[in-house]
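1. kindly return the folded structure for what I paste below:
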Amino acid sequence: MRGWRDRAPGAAAELDRRARYEGAIVGLAIGDALGTAVATSAFDAARLIARTRESGVLVTAADTAMTRAVAESLLACGAHQPKEQLQRYSDWSRTTSATVPSEMKRALGVWHWSEKAN
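-> Sure, this is the predicted structure:
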């Protein structure tokens, strides 16, 4: 295990922070994909591992897509911008083949309705 080291502020520290953010998103995507695989199997570990090895693909679900939308919005805007983030959710929900959670569909419906009034 790598030991903890304090680093001086600057480019190296910023690079380390970005690497940690990226690692968190990648970890979430892997966990989401494994969770999806477990949820769609009878959780026979041997069969699950064999199926994953055969296909060579892990498929992520809505959680990863929505987290990605938040991260992309934060990177693009530099801060939390609710309308921009909701627009990204809306764009994703219209173009995805994944199942969009019913709570998200309702929230986007209310948001679209409230935008028409303005």
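
2. so where is the protein shaky, pLDDT-wise?
-> Low-confidence segments of the chain (pLDDT under 70): 1-15, 41, 43, 117-118.

3. what's the burial count for Thr60?
-> Thr60 sits with 19 neighbouring residues when counted by other CB atoms under 10 Å. Using the backbone N, CA and C atoms, a C-beta is placed for each residue, glycine as well.

4. what about the helix ranked longest in the chain, distance to the chain center?
-> The longest helix of the chain (DSSP state H) is helix 11-39. Here helix 11-39 is found 9 Å from its chain centre; the criterion is CA atoms, centre = their mean, to the nearest Å.

5. just use 446 as the starting number from now, easier for me
-> Will do, 446 is the new start, and the previous item becomes helix 456-484.

6. which element is Glu548 on?
-> Using DSSP states H and E, the element containing Glu548 is helix 547-562.

7. gap between the residue lying closest to Tyr466 once chain neighbours are set aside and Pro546?
-> Spatial nearest neighbour of Tyr466, chain neighbours left out: Ala516 (7.8 Å); criterion: CB to CB, 6 or more residues apart in numbering. Noted for Ala516: a distance of 18 Å to Pro546, by CB to CB, to the nearest Å.

8. follow-up on the earlier one: I'd say the residue nearest to Tyr466 and Glu467 touch.
-> No: Ala516 lies out of contact with Glu467 (CB atoms under 8 Å); the separation is 9.4 Å.
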